[in-house]
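Asks: Take a look and give me a structure for this.
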Amino acid sequence: MAVYSAIAAMLVLGSPATAAENGISPPEEMLVVGDPNTAMDVLAGATTTRIDAGDRLLEGVGLDDLLAEVPGVQIRRFGGTGEPFEISIRGSSPQQVPVFLDGVRIESALTSRSDLSVLCLDVLDEIQVTRGPGAARSGSGAIGGVVNLVSRTPSAEPETRIRGAVGNFGTGEGSLRHTRRIGDWGVSLAYCGFHTEGDFKFQRARPSPGGGSSPIEVRANNQADRHTGILRLDREIGGTRLGLTQLVNHLDRGTPGPDSNQRFFAEEQNLSLLTIARLDGELPPILGGHGASVGNFEALLAHRYERNDFEDPEITPGQDLIDTETEVHSLTPRLGIRKSFETKIARFETGLLAEGRFETRSSNEANRKSRAGMSIRAELTSHWLDDRLRISPSLRFERFGGLDSEWIPGLFIEADPLDWLRLKASASRSYRAPAFGELYLPDKGFERGNENLKAEVAWNFEAGLIAKSPFESAWLDFEFEATWFGGEVDDSIVFQQISRNTFSYENTGRVETRGYEVSLRWRPHDWVRLTASRTVTEANSEEDGSAVAGIARSQTDVRLEFGPREFWKLSSEVQYTGRLPVSPGDLVELSSRVVWGGSASIDLAQLKPLPLPPHLESLWLSFRARNLGNIAIRDTGFYPRPGRNFILALEGAF
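Replies: This next block holds a predicted model:
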């Protein structure tokens, strides 16, 4: 309790300011809609994509599918259905992309990686992805960007949705969601379950020792069971809002490891509990919450508990049985204010925020470890020339136990010289303390932590434009965005192979990243919607000039959607992934690939001849196909992915 009290004492007032929206309002920009606490804490005007999770869920897509469509984002999948996947933004490592739920970190302290496969799309309202310097406001680790997952908010009217789906490899999933208001309380409750046998055939990446073609084998031990539940409550109390969120997740799955040394009996069980209590409202008059100066405050306390049990009863002869039990507690208190005021020449928004972090780990295979950290951030957003020019400087101070103090400055400039054109440029220093799991991950035989890691320090910068069609013709209804980005990371931490069958984390020196993103959104007709994006990324080690493993040199995504969304729709997607280096020093590289997919969805409730219950608001039937070309796909050298697969889903709303 003494440590917890010490962290709470670190807090000072503060919170981010949100820039006003005038002129162009492209989909890529962060907007605060409804509950302001659901918006990601990023620099005003940062490059942010927002995705409606509910709309795309009807197509049978997963969280990984949606993230893969965002410009600058690459997804690395470690096997088939239900297996882990990670996110990289603009050439970053997965550890350089923190993941949040309603603004609170949820990346695993056990593994330091954000295994998003443990979450299902059914419990989310929206997905927010921020790339580049603007993400640095979010604190340690946001070198490539941040992902914020917004839980389903309580609705004014009662609503119930039930969904079920089946697919290849013995896969089945279902969900139940209900939102309503009970008196002064808003209630949102969601549950989703998932099961898969998971095994599939694949071809080895390398020829057999005797020569000839690689053998066809079975990727075994891929079974998985997942249960996720989330409860969200809110209430207005005298102009102040109280919010409570409880997320529970349980995962039980096989862990086959690399295909070069498959583990047929290794299994892990993971339990995660996240509790968030939030209070926000207007500042009292004594603190300046009245008159021409308007202010708000936010107080938050979040606790996360994780337990992981890993067992491998059949390992290399002569070695002991692996049976690890690990528990982690993470505590995050936050307190802040934001204020806005106007002068004759400009409008200003100021923010001051303080946050503490405390983590502790216990394991049957290692001594207890603990670490505390804190950060304080100040910023100012100014609006000039009738809001055609916005300037947002930010300064953050961070300190973690055992590491030096760090100052993290950032600057974002945004201008609207024309009603249809927006220009932007930004730069920020970034910093990432080694994650708890990177330092203290228990030895699982094929992976382990490294207590000698140094912190990563980086600079990120970008410049770009957003152009919206100045024409009234529907056929010219488009939005175009282009961004050039760059970054430099010292003491980059990479999860890499350190022996024939063991992976760990190592500082690998300086890494430089350069690239660009272009995207187009075109809607020539109410029934036709086209989106396309291309990202080119050069991430190289300064020491020898070799490409960083796991980062494809280019990626192109095209999606065409046809039909009236409220009744039926057809969609087709194609993704081109350029050459993918999978080992340091450019020793091994995967060839470029093209993957096709598509879906068809229809609301059966709108077909009059069907004898459906009158209280049924919608009944969506969807069919989705992935990898129609049935090509062999790998995102890493030793983790194959399955070929052609399908999913059939039915969702009803009452």
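Asks: buried set for the longest strand seen in the chain?
Replies: Ranked by number of residues, the top strand in the chain under DSSP state E is strand 322-342. Residues of strand 322-342 classed as buried by neighbour count (16 or more other CB atoms under 10 Å): 322, 324, 326-328, 330-340. Quick note: C-beta positions are derived from backbone N, CA and C, even for glycine.
Asks: closest to A302 among these?
Replies: T332 (4.4 Å; CB to CB).
Asks: hang on, isn't that closest one packed against L301?
Replies: Yes: T332 is in contact with L301 according to CB atoms under 8 Å; the separation is 7.3 Å.
Asks: which residues in the stretch 301-450 of the chain form strands?
Replies: 322-342, 346-363, 366-384, 389-400, 406-418, 421-432 (DSSP state E, counting those that start in this stretch).
Asks: Which of the ones you listed sits closest to A68?
Replies: Across the strands of the stretch 301-450 of the chain, closest to A68 is strand 421-432 (CB to CB), at 23.5 Å.
Asks: Please identify the pairing partners of that closest one and their relative orientation?
Replies: In the sheet, strand 421-432 lines up against strand 406-418 (antiparallel), strand 456-468 (antiparallel) (DSSP bridges).
Asks: one step back: select, out of the strands of the stretch 301-450 of the chain, the one closest to L149.
Replies: strand 322-342 (16.0 Å).
Asks: what angle separates that closest one from strand 346-363?
Replies: 170 degrees (axes from the mean of the first three to the mean of the last three CA atoms, to 10 degrees).
Asks: what's the spacing between strand 322-342 and its chain's center?
Replies: 17 Å (CA atoms, centre = their mean, to the nearest Å).
Asks: Just the buried residues of stretch 602-620, please?
Replies: I602, D603, A605, S618, L619, W620.
Asks: what does stretch 243-256 give?
Replies: Result for stretch 243-256 [16+ other CB under 10 Å]: buried residues G243, T245, Q246, L247, N249, H250, L251, D252, R253, G254, T255, P256.
Asks: swap in stretch 221-231?
Replies: N221, N222, Q223, A224, R226, H227, T228, G229, I230.
Asks: and of these, the nearest to S260?
Replies: N221 (14.5 Å).
Asks: Output the below-cut-off pLDDT ranges for the stretch 1-150 of the chain.
Replies: Across the stretch 1-150 of the chain, the ranges flagged by pLDDT under 70 are 1-45, 109-114, 134-136.
Asks: For the stretch 351-500 of the chain, give me the ranges with low pLDDT.
Replies: Filtered on pLDDT under 70, the stretch 351-500 of the chain yields the residue ranges 442-446, 499-500.
Asks: can you rerun that using 90?
Replies: Applying pLDDT under 90 to the stretch 351-500 of the chain flags residues 359-371, 379, 394, 398-406, 408, 410, 428-457, 471-476, 490-500.
Asks: Would you mind listing the buried residues in the strand or helix carrying A600?
Replies: Using DSSP states H and E, A600 sits within strand 593-603. By 16+ other CB under 10 Å, the buried positions in strand 593-603 come out as R593, V595, W596, G597, G598, S599, A600, S601, I602, D603.
Asks: Just put these in a markdown table and tack on distance to L121.
Replies: Conversion of the buried residues of strand 593-603 to a markdown table gives the following (distance: CB to CB, whole Å):
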| residue | distance to L121 |
| --- | --- |
| R593 | 25 |
| V595 | 20 |
| W596 | 22 |
| G597 | 16 |
| G598 | 18 |
| S599 | 14 |
| A600 | 18 |
| S601 | 15 |
| I602 | 20 |
| D603 | 19 |
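Asks: What's the separation between P417 and L352?
Replies: Separation of P417 from L352 (CB to CB, to the nearest Å): 32 Å.
Asks: just A653 next, same as before
Replies: For A653, the distance to L352 equals 43 Å [CB to CB].
Asks: tell me the secondary structure for the residue sitting nearest the centre point of the chain?
Replies: Closest to where the C-alpha atoms of the chain average out (CA atoms, centre = their mean) is V147, at 3.3 Å. Secondary structure, DSSP: H, G, I helix; E, B strand; the rest coil: V147 is strand.
Asks: again with A605
Replies: Here A605 is recorded as helix under three-state DSSP.
Asks: so who does it touch?
Replies: By CB atoms under 8 Å, 6 or more residues apart in numbering, the contact list for A605 reads L612, L616, E617, S618, L619.
Asks: ok, what's across the strand from the fourth one?
Replies: It refers to S618. Assessed by DSSP bridges, S618 has beta-bridge partners A653.
Asks: What pLDDT does the model give it?
Replies: Looking at S618, its pLDDT stands at 90.
Asks: Okay, and which of the buried residues of stretch 243-256 map to strands?
Replies: The members of the buried residues of stretch 243-256 that map onto strands under DSSP E are G243, T245, Q246, L247, N249, H250, L251, D252, R253, G254.
Asks: Now do the contacts for the second one.
Replies: Going back to what we said before, that points to T245. T245 touches L101, D102, S151, I230, L231, R232, L233, L274, T275, I276, R278, counting by CB under 8 Å, 6+ apart.
Asks: can I get those residues in CSV with secondary structure and distance to F471?
Replies: Shown next, in CSV, are the contacts of T245 (DSSP: H, G, I helix; E, B strand; the rest coil; distance: CB to CB, whole Å):
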residue, secondary structure, distance to F471
L101, strand, 41
D102, coil, 39
S151, strand, 39
I230, strand, 44
L231, strand, 48
R232, strand, 43
L233, strand, 47
L274, strand, 47
T275, strand, 51
I276, strand, 46
R278, strand, 44
